[in-house]
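Student: no sequence on this one, just coordinates:
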């Protein structure tokens, strides 16, 4: 039952990052590449029409995590207090940027909200990547100092950073050189994903240029990926064990590398949707590989005093999980029906669509 | 520790108060949009369709605000109330997750369809999408109220040795006797907010002599819905809730009514007075004898327990705030019935559009149902103190053990700043929409 809920929540999270991921990416591209007002407007629109229904997935993921793994929810949300609240602020700020840019028709107003949208998208992508880095790196559970826990063993509190910026220190912060690298990988991945979305959904004048940009970004991504696998070994020497014990898990890294290699052929792809599918595979493979590498742990402990959090020691009881499965399956099917209906209805290029409610 | 709990509570109170400005309008407004759309289907007069689309624009702005201020609510259970989440998550997580899955999704998907899909779908389907938005937003209220009802009157749980609350009866969460009265009261209150807003916009157009056709329509619809909802707020829904409080939280009832001393026989109802916590009495009291006993038990002489009958630990922690919140809510509710009653009377006499003082009053009335709604929630939340889960888990035992007060103050200040900006932009946008009016725009 724990595994069932773990998989369901993982799927919802992956869908969230695929969907909201493209509108974060659109923000990053918007910040660096959109020059003419027409492009700026169309590109903002390609995120603005969709962001709120995409963010609903985050709400659902949060709710299900709360229900199925309450101890994990409590531990992680209070432990990552500052970065999470900052993420919330960025989410709000980004939404304001998207919704208000079109409300008044003069350049200064639009430029201001464009920057808000772009910068908060960039920072959000970075922070979500850093979060993933923290999950695989682990935290000092129980706030152990000199072998003594300061809190109950499943609670912790991370500062944003500590003076060494090292993931190997006794009490690593949220931001260190390892999590920054994972953050950068996320930024590059989502920028690629966002660029593919823009090409797919709009007729912006920079579409051809964006394809070249994706190619260049993909080279950076490949380099960062190889580098990160190297440093991952330093941070967590056991990170490949799961893949050796359970060889079928290798499917997840394969998905990732399929996406990565596929995107090198972006100039030869016949349809724009293919590029978007490859970047979707990047996100799918990236998140699932990370989770698979630590499974069934969901938050490793960096000390030897307190045990890592797993799906088993943080889950709700059997009864609760199984009742929830009944409504969960129904709800889950509904979610995908809504998603398909929405994407069909809003299919095709969006340049001419009405924007602003 | 004291500081920490204070800032955690203040942050939650601030963010939830701000958040609840938006859903209370959208829930009620969705019903009125369905009404306008239904009139259009029946009578095929364009003004009804334009009215429905105009209010959907206002709905959409509020919905966006509701989404971005709602995500922090869900997150704060974990960030600031981690111990509470850990202990009760397997129960309240059920209702919260269901809210996301069944109502939030429904609402957001069909809102987009309603706004973008009219030409594509035809009128009947368009009506249906509007109806589904309404259904989604009310279901949302249902799940949130189910969560709150469990905290007010816990049912269907078992407490393990490690202090965790675990679910042992899922359907009990929805059969909770606290839930239905609270839900109905809350929904009727949100209809009140939206109808007062609709009437206010109507009064504005009529007074400005602009969009007159719509001004009259909004005014008419607003005051009729307004009177019906104001009456339903008092009876039966308000009455029903008060009886639940007497039954399940008697100490709260004594505090909110301001009964310091238990009377021999029938208990008076307090209209005005200021709680004096030192001398344990009300200053400058105006009260009517025996009414409270009658309202509560339909018996003029039945005794009601006063605060002197309870231990200090059982009583709510902030009695004056609870007392004022309750009396503001009830006082405003009474005034609403009066004003809306008058408005409907003059509507019936066909004079309403010419009585300027009444139109001005209706125009400026719209903030007050918001105040009544929010003070109503304060009654529920302050009344539950010092508990998070009534009688079982103290508020002080629910906070995050690792988050220091300095960090919470920092985030509280950040929320205040960000929400001020958000509020300002919200007003500009709604103002702009109202100013443009419901006439179809030619592009």
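Tutor: Sure thing, it's come through. Being a predicted model, the structure only gives us computed values, none of them experimental. Numbers count the residues shown, from 1 in each chain, chains lettered A, B, ... in the order given.
Student: drop to CA atoms for contacts and neighbour counts, all remaining ones
Tutor: Will do.
Student: Now residue A:152. Its backbone dihedrals?
Tutor: phi -60, psi 150 (degrees, to the nearest 10).
Student: quick one: contacts of stretch B:104-114?
Tutor: A:52-53, A:56, A:335, A:338, A:342, B:60, B:126, B:129-130, B:132-137, B:140 (CA atoms under 8 Å, 6 or more residues apart in numbering or on different chains).
Student: In PyMOL, how would I select just the buried ones from these?
Tutor: Those of the contacts of stretch B:104-114 that count as buried under 16 or more other CA atoms under 10 Å in any protein chain shown are selected in PyMOL with:
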select buried, (chain A and resi 52+53+56+335+338+342) or (chain B and resi 60+126+129+130+132+133+134+135+136+137+140)
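Student: Looking at the contacts of stretch B:104-114, which are in helices?
Tutor: Residues from the contacts of stretch B:104-114 lying in helices, with DSSP state H as the criterion: A:52-53, A:56, A:335, A:338, A:342, B:60, B:126, B:129-130, B:132-137, B:140.
Student: Check what pLDDT residue 232 gets.
Tutor: Since you didn't name a chain, this refers to chain A. Per-residue pLDDT puts residue A:232 at 88.
Student: my bad, the chain I had in mind was chain B
Tutor: You'll see residue B:232 listed with a pLDDT of 97.
Student: Need the nearest residue in space to it, chain neighbours excluded.
Tutor: Nearest residue to residue B:232, sequence neighbours excluded (CA to CA, 6 or more residues apart in numbering or on different chains): residue B:188, at 6.9 Å.
Student: That neighbour: how many residues sit nearby?
Tutor: 23 (other CA atoms under 10 Å in any protein chain shown).
Student: who's in contact with it?
Tutor: With CA under 8 Å, 6+ apart, residue B:188 has these contacts: B:28, B:229, B:230, B:232, B:233.
Student: wait, isn't the second one in contact with residue B:191?
Tutor: Yes. The pair residue B:229 and residue B:191 qualifies as a contact (CA atoms under 8 Å) at a distance of 6.4 Å.
Student: who has more neighbours, those two?
Tutor: Higher neighbour count among residue B:229 and residue B:191: residue B:191, with 29 against 24, using other CA under 10 Å.
Student: quick one: what helix or strand has the more buried one in it?
Tutor: Assigned by DSSP states H and E, residue B:191 belongs to helix B:179-208.
Student: Which is the succeeding secondary structure element to that helix?
Tutor: Following helix B:179-208 toward the C-terminus (DSSP H and E): helix B:212-232.
Student: what angle sits between that following helix and helix B:179-208?
Tutor: Between helix B:212-232 and helix B:179-208, the angle comes out at 150 degrees (axes from the mean of the first three to the mean of the last three CA atoms, to 10 degrees).
Student: I'd like the distance from helix B:212-232 to the chain centre, please.
Tutor: Distance, stretch centre to chain centre, for helix B:212-232: 20 Å (CA atoms, centre = their mean, to the nearest Å).
Student: Where does pLDDT dip in the chain?
Tutor: Chain wasn't specified; assuming chain A. Within chain A, the ranges that satisfy pLDDT under 70 run A:354-357.
Student: Not quite, go with chain B.
Tutor: B:1, B:440-443.
Student: Spatially central, which residue of it would that be?
Tutor: Per CA atoms, centre = their mean, the C-alpha nearest to the average position across chain B is that of residue B:373, at 4.2 Å.
Student: I'd say that residue and residue B:187 touch.
Tutor: No. In this structure, residue B:373 is not within contact of residue B:187 by CA under 8 Å, at 10.1 Å.
Student: what do residue B:229 and residue B:191 both touch?
Tutor: In contact with both residue B:229 and residue B:191: no residue, using CA under 8 Å, 6+ apart.
Student: can you count the residues close to the closest residue to residue B:329 other than its chain neighbours?
Tutor: Nearest residue to residue B:329, sequence neighbours excluded (CA to CA, 6+ apart): residue B:372, at 4.6 Å. Neighbours of residue B:372 under the rule other CA under 10 Å: 23.
Student: A helix includes residue B:372, no?
Tutor: Yes. Counting by DSSP: H, G, I helix; E, B strand; the rest coil, residue B:372 is found in a helix.
Student: contacting residues for it?
Tutor: B:328, B:329, B:330, B:332, B:333.
Student: Need those in JSON lines (columns: neighbour count).
Tutor: As requested, these are arranged in JSON lines below (neighbours: other CA atoms under 10 Å in any protein chain shown):
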{"residue": "B:328", "neighbour count": "16"}
{"residue": "B:329", "neighbour count": "21"}
{"residue": "B:330", "neighbour count": "19"}
{"residue": "B:332", "neighbour count": "18"}
{"residue": "B:333", "neighbour count": "22"}
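Student: Let's see which of those residues end up in helices.
Tutor: For the contacts of residue B:372, the ones inside helices are B:328, B:329, B:330, B:332, B:333, with DSSP H as the criterion.
Student: Just the closest of those to residue B:289, please.
Tutor: Nearest to residue B:289 among the ones in helices among the contacts of residue B:372: residue B:330, at 17.8 Å, using CA to CA.
Student: Relative to residue B:369, how far out is the closest one?
Tutor: Distance, residue B:330 to residue B:369, by CA to CA, to the nearest Å: 11 Å.
Student: tell me, how many neighbours does residue B:181 end up with?
Tutor: When neighbours are counted by other CA under 10 Å, residue B:181 comes out with 22.
Student: So is stretch A:328-344 next to chain B?
Tutor: Yes. For stretch A:328-344, a contact with chain B is found by CA under 8 Å from any CA of the partner chain, at A:331, A:332, A:335, A:338, A:342.
Student: farthest pair in those residues?
Tutor: Spatial extent of the residues of stretch A:328-344 next to chain B (CA to CA) is set by the pair A:331 and A:342 at 16.3 Å.
Student: Please list all residues in contact with residue 210.
Tutor: Here I'm looking at chain A. A:195, A:196, A:199.
Student: And the next helix or strand past the particular helix or strand that has it in it?
Tutor: Following DSSP H and E, one finds residue A:210 within helix A:207-235. Heading C-terminal from helix A:207-235, the first helix or strand you meet, by DSSP H and E, is helix A:241-245.
Student: And the helix or strand that that following helix is followed by, what does it pack against?
Tutor: Using DSSP H and E, the helix or strand that follows helix A:241-245 in sequence is helix A:251-263. Applying 3 or more CA pairs under 8 Å, 6 or more residues apart in numbering or on different chains; DSSP states H and E, one finds that helix A:251-263 makes contact with helix A:207-235, helix A:272-294.
Student: buried sites along the first one?
Tutor: To tie it back to what came earlier, the one meant is helix A:207-235. Buried-residue list, helix A:207-235, by 16+ other CA under 10 Å: A:207, A:210-211, A:213-215, A:217-218, A:221-222, A:224-225, A:228, A:232, A:235.
Student: how far is it from where the chain is centred?
Tutor: Here the centre of helix A:207-235 is set off from its chain's centre by 16 Å, with CA atoms, centre = their mean.
Student: any idea how far the closest residue in space to residue B:202 that isn't next to it in sequence lies from chain A?
Tutor: Spatial nearest neighbour of residue B:202, excluding adjacent residues (CA to CA, 6+ apart): residue B:215 at 3.9 Å. Here the criterion is CA to the nearest CA, to the nearest Å. By it, residue B:215 lies 21 Å from chain A.
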